Structures are given as structure tokens and as C-alpha cells.
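K.L.:
Make a model of this:
(3 chains)
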Amino acid sequence: MVDLPSQFVFNTFAFLIWGALVMWMCAGFTMLESGAVRTKNASMICLKNIGIYSIAGLAYFFIGYNIMYVDVGNLFGAFEFLYGPSGDEKALVDENFDAAASVVETGFAKMSQWFFQMVFVATAASIVSGAIAERIKMEAFFVFTLVLTAFIYPIVGAWTWGGGWLAKEGFQDFAGSTIVHGTGGWAALAGVLVIGPRLGKFKKDGAVRPTPPSNVLVVTLGVFILWFGWFGFNGGSQLALGTPRDAVVMTIVLVNTNLAAAAGVIAALAVSRQVLGRIDLFAGLNGAIAGLVAITAGPTMVDHWWAVVIGAVGGVVCTVGIKALEMRRIDDVVGAIPAHLLSGIWGTLAVTIAAGGRFHIQLLGIVSVGAFVFIASYIVWKAIDATLGLRVSEEVERMGQDAGELGIEAYPEFVLMPEPYDD
Amino acid sequence: MVDLPSQFVFNTFAFLIWGALVMWMCAGFTMLESGAVRTKNASMICLKNIGIYSIAGLAYFFIGYNIMYVDVGNLFGAFEFLYGPSGDEKALVDENFDAAASVVETGFAKMSQWFFQMVFVATAASIVSGAIAERIKMEAFFVFTLVLTAFIYPIVGAWTWGGGWLAKEGFQDFAGSTIVHGTGGWAALAGVLVIGPRLGKFKKDGAVRPTPPSNVLVVTLGVFILWFGWFGFNGGSQLALGTPRDAVVMTIVLVNTNLAAAAGVIAALAVSRQVLGRIDLFAGLNGAIAGLVAITAGPTMVDHWWAVVIGAVGGVVCTVGIKALEMRRIDDVVGAIPAHLLSGIWGTLAVTIAAGGRFHIQLLGIVSVGAFVFIASYIVWKAIDATLGLRVSEEVERMGQDAGELGIEAYPEFVLMPEPYDD
Amino acid sequence: MVDLPSQFVFNTFAFLIWGALVMWMCAGFTMLESGAVRTKNASMICLKNIGIYSIAGLAYFFIGYNIMYVDVGNLFGAFEFLYGPSGDEKALVDENFDAAASVVETGFAKMSQWFFQMVFVATAASIVSGAIAERIKMEAFFVFTLVLTAFIYPIVGAWTWGGGWLAKEGFQDFAGSTIVHGTGGWAALAGVLVIGPRLGKFKKDGAVRPTPPSNVLVVTLGVFILWFGWFGFNGGSQLALGTPRDAVVMTIVLVNTNLAAAAGVIAALAVSRQVLGRIDLFAGLNGAIAGLVAITAGPTMVDHWWAVVIGAVGGVVCTVGIKALEMRRIDDVVGAIPAHLLSGIWGTLAVTIAAGGRFHIQLLGIVSVGAFVFIASYIVWKAIDATLGLRVSEEVERMGQDAGELGIEAYPEFVLMPEPYDD
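P.N.:
As a prediction, this is how the structure comes out:
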């Protein structure tokens, strides 16, 4: 057996290094989204995303983490401020080595787990910004981000990873297909429904106006960043590295994560010709994310070939979902709802198909998280709309938020094409 | 001595974290190549590269790994599907702790080594896409990628790292100057020769049409990603971290890797004025890669100042190679053949100069790998050409593959310059 | 207690993996700067930054490291070439396992510490290139980089981390708010004063010509890279991971680092409306860096809520500093001086406010490092100016260094706006 002090170091370091890699996913979302929107809104996306990560990190420190993890009953935990290292840890830092034994028994440095969980909440919030881009006011978005990361996500987290009622029911969601990606997806869906589609996205004659990514290289970079970061997201969710068993499980997790993503790409590209009328790069890129989201609920539990299947179906679900949302005239700028919400539902259910478990509990988790997040988010979006206002003026939307709201264009020296408005 | 369970964790974790970093190199190749091609073909490069990584990951899982590592005789290994964790590992995952002892004895989680090797095969395939860019059909490229990653590369790997005939001869190639970079380079060269140069690259009057990178920032980012990822590529190739000796060797590897890259940049910039007529940024960037490729064969074995020399010569070889290929009217879009193949040959030979060893065995390895990969690739390229067709139509090539084949432009809102065609 | 061989592996691996992450910060500086300058100078920034990292790595190997760490008295260390692994380490690499015990006693592989320190010197040099961009000759810049990384930075390092006179006084600077960021900032300030502002930046009527970033996405990417890399920069500066105490301290460091950066963003955005007249994205991005720089001096020592305060004040200092420099007609292209120098001074002093310690010693360190670096740099800049010449011709400056000096445009196919010159 690995001795306890070494276990402590392994566990702590795993939280730190994988957590750092998950932080990097914020850059991935930023690139994906800022390359996917039209050039006239790309700076605003950059601002929103650095804002998300900053707000999430502070909100989760001051409020969210405690609600999610500290003294959780069934529904939520404590409202306690100034979370920090334990007294024993502080004593050890001050070179009081008598404290070492009791520190080591806790298994990992207390705040290393906080660090890892903090980067997760940022991920959930990042999902929202892409879906609702190109029309939401900056302040309105930041207020929602604050509520999501301080309250909504932590409450879902308390039910599950915090040991609340859903955990007691036996709901399984290893790294958050539902808890993280579902939460982000439902919050995004509520927002998109409240704010409505972009001007001119759906024409009066029923046609859908294509809004292709304005910078494909940047979108692709974003997807690679997310894929890379997902090794931390799923691998770190083993929450330990101190034993050979942890190392074996973490290995299985990384292998399944990669297989699912690869299968998601291939499957999405393959069906895109049928569904979207061409081998579609953007569908393929979203297929990677969908495959990753799908495997996230149970990468420890399934055989490798099941990971291929789960990822591939995720890719198909996402591609069909992109089309389905368009047909229902729901305007999700980057395909976040298909990639994160729909594929996350599939992944959460797939756990039981692939590895056993109780299907109805998984369904219960999906529905209860979905209902709570969707309703809470809907209320918050509406409340913001009634106070600050949610949507930029038509003039700003036509001009773009970069010039109209922020005053900083993304590519000020480049000659860009005038956009036709025939809605 | 480090106890066996801790060794197991160290070794496994090293495969995972360094492997994740090597995966990130795929983003590096994507950026390097998509920034280096003309804007009209940049989306296609993005698609090809996410496709490469996905195809390689699945092909190597279902076929390639087994050929390379499982029951290898002299030439290749088993055709076995559904590679996965050992029975003992599965038992341990299921909390049967009696299995721990026999798991620990294997030294590392079985699939962690698979993960590390899988990202290597993707690297080999990535080298090809840049060289042959801007004229090869998407489907044709994907078919070749499949054959390369399922069969050609694994056979070379079986000869060497798998313990086959070249390993038995004593061929030394620590992290793959020849096995990975040579294989990619020879496959690229065969492809470039079969498909021929881009329209208008070599004019009738003998002049060479310059095709500078369309987005220098993205190319530079790609090179930094590759340099960063190479720490995983070479560092992880120690294949262990469980002992102080492993840690010392891994340290020497990283230091030599960095010194060689730095020397490659400086040397390439210094000679570029002579060879190419100016201090050439693109030569300097390729010099980094050439230095990295050159040191890859023996970073454990050479004194640090030898790493400087090996990297510097690599940078010179690459710069001269860029010019030499142009003079022979061989059209390698990103300089992949000079950077990976020529510098890889140099590095494979330099091992013996710098650290002793048998020169003729190194030469035997270079020639036999080269002959096999070049001939096999040539046949595959020809077969694809005769069936699917290898090259896009002249119309698509002039228009660009993004608009002509894929239907997704890389920068759809940007006003771009019309390209003159005077060939 | 963790056994010594395991400690050796932990410590060494921490240097390597965190060091690799710090190397990645060079890509962050490159993106930040090349996106911040006007398009006509972006290629030159790419060249300079890959050059910086290469020159720094070689200069620090051949000269700088020895001055900083080997046999340091009060002022500087040895002039010794060919630094490398110890004899015992070489013996161990050659499988002489008798040497293992004495290797293990040293605590970490000798060159792993070199690797970690080498990436730091590159950081200091990277700070300079952004401030002085768009007008300095390539060769002149490279000569300064060589002097800075071989001599100036190592001498400051010898005084402090090398155990010289400032260390003996009790100067505290955990990861280099003053030693790295102050040094870079003072060297930049000297250069900016010697070379003067860009043509047309400050108009005759007193107006300041805005020069917004030419590619906001790339700037944002750069900031995310720096934030990510800073986990290595500060986390690795614990210089050990071999005990539970190290793991706890490293955790506190990462948490504080992230909190300070997040607070820097929010604070900078919040005051930017007052100071700069709008919610300013560029100020917010610089706020992240300023928060990171500010916490760098003492992330081990302060409570988490202090990290929030320190980062927030850093963000404010930086934003006000941007305005103040403009008002004094000092032209710092990317805001490097406010973000690194001013915020670094704040952070170095804040250590004592937040965690106790001697304020006057911190001040002594700031002043003595500042005086030495500023004066030495000023002399070197002047000497270069008198020989090679520091500034490009007016014609090259108007045309841009990419076309005028380098011959490689960053975006050759894109149609760019002509720049008005009304100075």
C-alpha cells in the first residue's frame, strides 16, 4: 500500500494539476464562442468569458462552495464565508509538524478540492454564454452568471456530489454529464427562450439564415483546448490518485474519454451529410464535445468499446439536435444546447445501459435537475429582463455589441463585409 | 527504493499527464498548418486535423496497437480486437483488493501505456497533412490516414518499440526521430510525389511562386504548442517515473529537448539569410521543430552541449532542406519533410556521434523504415488515386477547398485579396 | 513521512511539469503582444518572442544560471560553463545504483531546478518586448535580450533567490513580483524612455492617439495562457512537492493565485469606466495579469480573502497606471509596465501588510532591484543605440516592421485599412 503521506501528496497534486487543466477549458470556450459568433460580437464574447471565470471563482469562494459541500442535508449546505485551510493545515504550514498526522488523515489538502470544484462551476457558466450570444447585454449576463455560480449550480451540486437527496437515491454522474453540462444547458435553454432569436436568424418566409463561424481556426482551437482540458475534467473526477486502484481507474477514464470524443467526431461528420446536407466541420467539432459530454457520466464504468458507442451516439444526438433546434426556431449560436444538454441526457442514461444501474433513478436525476435549473433560470432571466433589461437595442444588435456596447472591435484594422439584412 | 505501489502510481500518472500533453500537439499541428496554408484552404486543414486525431485514436484502438505491441515476433504483432485493462485490473476496479499485488507488479496501468502510444500515432499522421495540403481530397486523405495509423506506423513500431527485428539489431530511437517523424515524413514525401505540386507553385519559367503563411500568429501559436507538447513527447518516452533514476533521466530529456529547440531556432534564423535571402520567421519556426525532431532520437544519452549542437544542425538541415525541395520542385506546403524527415535522419545518426553506439545500425534503421514506409505509402497513395481519386479538380483548387469542397470558409466575413494566377 | 526516494521523484516531477507550464507562458506573451500591436508589426512580435525564449534558454544555460545560483557570495555567482547533472546522477543514469543514495539526498534532480529557473528568465525577457514594440529593431532587441538574460536578471536573482545580500536582509519575494516582473518592468521602462513613443502616438495638440489591439481574440487567448501558466509559475515556486506540507502550501498558492487574478479582472473592469471612460476589455485583461503579478510575492503567506484584496488592488493600480503613463506620454504598447512593474511593487509591499514582515526591507528590495535594473538597462539600451541603432527608420515604422524589416506580413491575404497619419 502507498503510505498515507504519499497518498496525501498524490491526491492533492492530482486535484491541482487536473484542476489547472480544467481552468484551461475556459480558454477553450472563449475561443470556440468568439470564433463562432460574427466578427461584430467577438470582443464581447471575450469579455464575457474572462468575466465568467472571474465571477465564478469569486462567487464560488464566497458563497457557492459552502452551499454545495459544507454540512449538506438533503437540499443545500451552509452559508459560511471565508472558507479556507483547516487549522491543522495552517499549523503545518507554520512548521508545526505535530499537525502532520491529522492533516495526512484527511487524504488531501482541503483547498485542493475547492480548487478542482471551482473550475467546474466556471465550466457550467461558460456553456450559457455561447448559446445566448450576440444579443444579451453584458451586465444582464454577468448578473445571471453570478446567480448561477453562487446558487443554482451549487444547489444541484449539493443534491448530488454534496451528498444530498439525489445522491442518497443512488444517482450516478461521475464527472457531471447532468450536474455540470445539463445545468449549463438548461440555464442556456431558458435564456434563449426568454430572449428569443437573433434579429434576422429566422426569416418571415420560414427560411433559416445561416450564420457560419467567423473564424474557423479559432473555433477549432477552442475544441482542441476543450478536448485536452477534458482529460482533467474527467480524470480529476476520480478525486484521488493515491492508490494503484485510483491510477487504474483514472487510466480507464482517460482512455474512454478520448475514445468517446473521437467517435463523436466521426459519427457527427458521417451523419452531417444526411442531416445538414454536407460534411459539416462545425458539426464534427461539436461532435467531439458531444462525445465528451456523453462519456462524462460514467467513464469509469464502461468497457472501452461502449465508450466508442456512447460517444458516437452523442455525436449523432448533437447533430440531429442542431437541426431540431433550428426547426423549432430556437437560436443557439454555438450549438451548446445540443452538445451539452442533449448529449448529457444521453450520457446520463447510457451509464445504466452500458454498466448496469437503475435507469429510473438516472431519469429522476435528469428530470429533477432539469426542472429545477430550467425554472430557476427562467425566473432569474425574467427578473433581469424586467429590471436591467436582457436584450441590447435593435441598433446595437445590428451594429454589433463590440462597436455598439463595448467600444472595442475585435478586428479593427480588417476590412469586413457588410452584412445583408433582409428580414 | 520507492515502494512498488507508489511506483505504479508514478508510472501510470506519467503516461497520462505526458500523454495528454502529446494530444495537445495535434492542436499545434492544426494551427501550424491552417495558418500556413492560404486562407481558402484553412477550414479544410482544421477538418482534416480533427479527423486525423479521431481516426488515429480509433484505428489504433481497434487494430494498430495490437499489431505494434501484442505478441510481436520480428515483423508485426497480433490482430486482436477489444484491447483493454487486464483481468486483475478489472478486479481491482471492482474493489477486489486481492488483485492489487499482481496489478502493482506490472508496473503501470495497462491502458495508460496504450494512451501514450495512441497520441504518438496521431503525431505521425499529422505530419502528412501539412505537406500535402491545398490539393488533396478530404476522403482520400482520410483513407490514407486510416491505413497509416492502423497498419503502416504500427508495423514500423513493431520492428522497433514492439521488440521486433530492428530492436533486436540494437537500433536506438528513444522517442521516435525515425519511428514517428521519419514515418510521417516518408509518407508525406510519397504523397507529395504522387499528387504533384499545387497549381502555379512552380512556374513555367522556373520561378517559384511564394506562398507565405496566411496567418503568421496562428502558425507561431502552433509552434509554441508543439514545443510545449514535446516535453510530453520526449519526457514521457522514458516510460516510467517510479524511481529516482527515472526522474533524473526525464530531467535530462526535458533539458536537452529545450536546448535543442532553442538552438534550432537560432541556427535556422542565422542561416536563413544566406539560404533564403532574409532572416526568415517561418524558417526560424521550422527550426524549432527541426531541433526538437533531431534531439528526439537520443535525449537521454547526450551531454547538454551536444543537445545544443544536435538541435542547431537540425535547424540548418531543415532550412537547407526547404530550399533543396523547392529547387527539386517538390511542393511541401509547410516544410514538413525538411523539419521531420531530414532532421529526423540527422538526429537518428547523431545519437551515435554524441553518445556512442553503432552507426551502421542506425543507418540500417533509417533505410529500412524509409524503404518500407515510402514504398507502402506510395502504393496506397496510388491505389487511392486510382479509385477515389487523390486530387481535387482544378476548379476546386483555384477556388479553394473551403468553398469548393467543404462549403465552409475559414474567414467568411473578412475581405480577402484575389489571388493572381499567371502560371 | 514520505520516504526520500519518493520525495526525490515528487520534487523533480513538480519542477518539470510546472516548468513546462511556465514555458507555455511564452506563447501567452506572444499572443498577447502580437494581438495587441497593429497588424503591420505582428509578425515581428512573433519572431521576437520565439527568439526571446530561444536566446534566454541558451544564455541562461551557458552563463546566467551560474551567475545566479552557483557559489553566490553577496552579488553574483560563478562564471562556469557546461552546467549539468552531478557525477552521482550520471552514475545512476548509467545504472550504477550505488550512487542512488547520494542522489536521493540532494532532494531533486539537479537540472530539474535549472529547467524551472530557465523558464523564469524567459518570462522576464518577454515583458520587455511588448512595451517597446512597433519601433525597435530586431537585432537591437535580441542583443538586449541576451544581456538581460545572461547578466542583468541573473545578478538580481543572485541577490535574492541565489542567497546574496538581499536574501540575507530578509527580502521576501516568493515567485518574483519584483525579481521577475519588476526586473522585466524596469528594463522595459528604460527601453521605452530611451527609444521614445511610436510615431503619432502623442499628437502635437496633446491628444493621445488610440491604438487598440488589432486582434482581440488573440490577446484574450494570450491572457488565458498566462493565467493557466501562472499556476506553474507560482505553484512550482514552492520548489518541492515531497511532503504533505509542500502539498498544502502549493494548494494555498494556487487558490490565492486564482482568487487574485479573478479579483484583478473585476476590479479593473469596475474602475475602467471611471478611469478610461468605458468598461474596457483590455483593462480587464491586463487586470488579470496585474492580479497575478501582485499575488506572486506572497501567495503562501496570506489568507484567501487577502488574496482577493491584493489582486483587486493590483487591478486598480494597473488601470490607473495605464492612464498615468499615457498622461506622461510614455508609450508602453501593451501596458506591460503598469501590469508587471507597478502591480509588482504593490504586491511586494502587500506581503507585509497581509502576512507580517518588514516593510522597509521590502522597500529596500524594490528600490535596489529597480535602481540596478533600470540603470544597467538604460546603459545597455544607450550603448545599443550608439552602435547598432535602436530604432527602425521612420519609413519602416510607417510601413510596419513586418513588410519593412522582416519581409513577412502577418496577414498577407487580408485587406487591411490604411492607417491615417495626422501627427
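K.L.:
From here on, just use CA atoms for contacts and neighbour counts.
P.N.:
Fine.
K.L.:
can you list the weak-confidence ranges in the stretch 201-350 of chain A?
P.N.:
Along the stretch 201-350 of chain A, no part satisfies pLDDT under 70.
K.L.:
Write out the residues of it neighbouring chain B.
P.N.:
A:212-217, A:220-221, A:224-225, A:228, A:231, A:241-245, A:247-249, A:251-252, A:254-255, A:258-259, A:261-263, A:265-266, A:278-281, A:284-285, A:303-305 (C-alpha under 8 Å from any C-alpha of the partner chain).
K.L.:
what number of residues lie near A:A339?
P.N.:
Counted with other C-alpha atoms under 10 Å in any protein chain shown, residues neighbouring A:A339 total 33.
K.L.:
Only the buried residues of stretch A:92-110, if you could.
P.N.:
For stretch A:92-110, the buried set under the neighbour-count rule, 16 or more other C-alpha atoms under 10 Å in any protein chain shown, comprises A:L92, A:V93, A:A99, A:A100, A:V103, A:V104, A:G107, A:F108, A:A109, A:K110.
K.L.:
Which of the three states applies to the closest residue to A:L259 other than its chain neighbours?
P.N.:
Nearest non-adjacent residue to A:L259, counting by C-alpha to C-alpha, 6 or more residues apart in numbering or on different chains: A:V308, 5.5 Å away. Three-state assignment for A:V308 (DSSP: H, G, I helix; E, B strand; the rest coil): helix.
K.L.:
Name the helix or strand for A:V194, please.
P.N.:
Using DSSP states H and E, A:V194 falls within helix A:183-195.
K.L.:
who does that helix touch, helix- and strand-wise?
P.N.:
Helix A:183-195 makes packing contacts with helix A:110-131, helix A:359-387 when contacts are defined by 3 or more C-alpha pairs under 8 Å, 6 or more residues apart in numbering or on different chains; DSSP states H and E.
K.L.:
Give the rounded mean pLDDT of stretch A:170-187.
P.N.:
What stretch A:170-187 shows for mean pLDDT is 97.
K.L.:
First-to-last residue distance for it?
P.N.:
End-to-end span of stretch A:170-187 (C-alpha to C-alpha, to the nearest Å): 24 Å.
K.L.:
What are the buried residues along that stretch?
P.N.:
Neighbour count says stretch A:170-187 has A:171-187 buried, by 16+ other C-alpha under 10 Å.
K.L.:
again with stretch A:218-231
P.N.:
Applying 16+ other C-alpha under 10 Å to stretch A:218-231 flags A:218-231 as buried.
K.L.:
now swap in stretch A:142-149 and tell me
P.N.:
Neighbour-count burial for stretch A:142-149 flags A:F142, A:F144, A:T145, A:L146, A:V147, A:L148, A:T149 (criterion: 16+ other C-alpha under 10 Å).
K.L.:
In chain A, what residue lies closest to chain B?
P.N.:
Scanning chain A for proximity to chain B using C-alpha to the nearest C-alpha identifies A:A262 as nearest, at 4.1 Å.
K.L.:
who touches stretch A:385-402?
P.N.:
A:40-44, A:134-137, A:139-141, A:195, A:199, A:381, A:384, A:403-405, A:408-410 (C-alpha atoms under 8 Å, 6 or more residues apart in numbering or on different chains).
K.L.:
out of those residues, which are buried?
P.N.:
Among the contacts of stretch A:385-402, the ones that count as buried (16+ other C-alpha under 10 Å) are A:40-44, A:134-137, A:140-141, A:195, A:381, A:384, A:403-405, A:408-410.
K.L.:
my read: the residue of chain A closest to chain B touches B:F61, true?
P.N.:
No. Contact criterion C-alpha atoms under 8 Å: A:A262 and B:F61 do not qualify, at 11.0 Å.
K.L.:
Neighbour count: the two, which is higher?
P.N.:
Comparing A:A262 with B:F61 by other C-alpha under 10 Å, the one with more neighbours is A:A262, at 32 against 25.
K.L.:
tell me which element that one falls in.
P.N.:
helix A:244-276.
K.L.:
tell me the contacts of the closest residue to A:V317 other than its chain neighbours?
P.N.:
The spatially closest residue to A:V317, leaving aside those adjacent along the chain, is A:S343, at 6.1 Å (C-alpha to C-alpha, 6+ apart). Neighbour list for A:S343: A:A290, A:G291, A:V293, A:A294, A:G314, A:G315, A:V317, A:C318 [criterion: C-alpha under 8 Å, 6+ apart].
K.L.:
Give me the nearest residue to A:F233, chain neighbours excluded.
P.N.:
Using C-alpha to C-alpha, 6+ apart, the nearest residue to A:F233 is A:V22, at 5.6 Å.
K.L.:
and that neighbour, what does it touch?
P.N.:
Counting by C-alpha under 8 Å, 6+ apart, A:V22 touches A:F116, A:V119, A:F120, A:G229, A:W230, A:G232, A:F233.
K.L.:
what's the answer for A:W227, then?
P.N.:
A:A261, A:A288, A:I289, A:L292.
K.L.:
Now chain A against chain C: closest residue?
P.N.:
Nearest to chain C in chain A, going by C-alpha to the nearest C-alpha, is A:S54, at a distance of 4.1 Å.
K.L.:
export the helices and strands packed on helix A:183-195 to JSON lines and tack on mean pLDDT and distance to B:G298?
P.N.:
Listed next are these as JSON lines, based on pLDDT from 0 to 100; distance: least, C-alpha to C-alpha, whole Å:
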{"stretch": "helix A:110-131", "mean pLDDT": "95", "distance to B:G298": "37"}
{"stretch": "helix A:359-387", "mean pLDDT": "97", "distance to B:G298": "52"}
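K.L.:
so what's A:F81 scoring on pLDDT?
P.N.:
A:F81 is given a pLDDT of 72.
K.L.:
Apart from its neighbours in sequence, what residue is nearest it?
P.N.:
Of all residues not flanking A:F81 in the chain, A:F62 sits nearest, at 5.5 Å (C-alpha to C-alpha, 6+ apart).
K.L.:
And A:M250, by the same measure?
P.N.:
A:M250 sits nearest to A:G235 (C-alpha to C-alpha, 6+ apart), 5.3 Å away.
K.L.:
Can you pull the residues of the stretch 101-250 of chain A lying near chain C?
P.N.:
With C-alpha under 8 Å from any C-alpha as the criterion, the stretch 101-250 of chain A meets chain C at residues A:V103, A:V104, A:A109, A:M111, A:S112, A:F115.
K.L.:
One more pass at 10 Å, please.
P.N.:
A:101, A:103-104, A:107-116, A:118, A:138, A:218, A:222 (C-alpha under 10 Å from any C-alpha of the partner chain).
K.L.:
Taking the chain centroid, which residue in chain A is the extreme one?
P.N.:
The C-alpha centroid of chain A is most remote from A:D98, which lies 41.3 Å away (C-alpha atoms, centre = their mean).
K.L.:
wait, that residue sits on A:K90?
P.N.:
No. Using C-alpha atoms under 10 Å, A:D98 is not in contact with A:K90; the gap is 11.7 Å.
K.L.:
Helix, strand, or coil at A:I322?
P.N.:
Quick answer, by three-state DSSP: A:I322 is helix.
K.L.:
follow-up on the earlier one: how much space separates the nearest residue to the residue farthest from the centre of chain A once chain neighbours are set aside from C:T243?
P.N.:
Spatial nearest neighbour of A:D98, excluding adjacent residues (C-alpha to C-alpha, 6+ apart): A:L92 at 7.6 Å. Distance of A:L92 to C:T243, computed by C-alpha to C-alpha: 11 Å.
K.L.:
Counting by contacts, list what whatever helix or strand A:L146 lives in packs against.
P.N.:
Per DSSP H and E, A:L146 falls inside helix A:138-147. Contact here means 3 or more C-alpha pairs under 10 Å, 6 or more residues apart in numbering or on different chains; DSSP states H and E; on that basis helix A:138-147 packs against helix A:42-59, helix A:110-131, helix A:183-195, helix A:359-387.
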